[in-house]
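Chemist: Model the following, please.
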Amino acid sequence: QVQLVESGGGLVQAGDSLRLSCAASGRSFGDYAMGWFRQAPGKEREFVAAISWSGGTTYYADSVKGRFSIARDNPKYTAYLQMNSLKPEDTAVYYCAARLITAKTRANDYDYWGQGTQVTVSS
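Modeler: So this is what the prediction gives:
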């Protein structure tokens, strides 16, 4: 079992950057692939980015490719989502999630979830 806590959200202007962090505790962090998802009001939760247990494989939603970057620091039990060139449509609650080994892009494939952190981008 692993527990996840997101941080780093906030209110920014369009074009700004934010870095979200996901701190893990519990079982060996290195066993888990990590994903970032987001949910805007009235919308379904959507995939943003994912990274394999080793960091060797990453996936991105088309809407964030070239602007967002996912990374992990296994000794620190932390995953990151660097978000650049933010747009108002990036406004959402951002969640990190974990599953064993292989990175996936569907929310249903993840077993553990954080509580979320709000990101608001003003125009």
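Chemist: ok, which stretches of the chain are strands?
Modeler: Counting by DSSP state E, the chain has these strands, from start to end: 2-7, 10-13, 18-26, 32-39, 46-51, 58-60, 68-73, 78-83, 92-100, 112-113, 117-122.
Chemist: Indicate which one of those is closest to residue 106.
Modeler: For residue 106, the closest of these is strand 46-51, at 7.0 Å, according to CB to CB. (C-beta placed from N, C-alpha, C; glycine too.)
Chemist: wait, what's in contact with the closest residue in space to residue 47 that isn't next to it in sequence?
Modeler: Closest residue to residue 47 in three dimensions, ignoring its sequence neighbours and counting by CB to CB, 6 or more residues apart in numbering: residue 105, at 4.6 Å. Residue 105 makes contacts with 35, 47, 50, 59, 61, as judged by CB atoms under 8 Å, 6 or more residues apart in numbering.
Chemist: repeat that for 10 Å
Modeler: Contacts for residue 105 (CB atoms under 10 Å, 6 or more residues apart in numbering) come out as 35, 37, 46-50, 59-61.
Chemist: of those residues, closest to residue 96?
Modeler: Nearest to residue 96 among the contacts of residue 105, with distances taken as CB to CB, is residue 35, at 7.0 Å.
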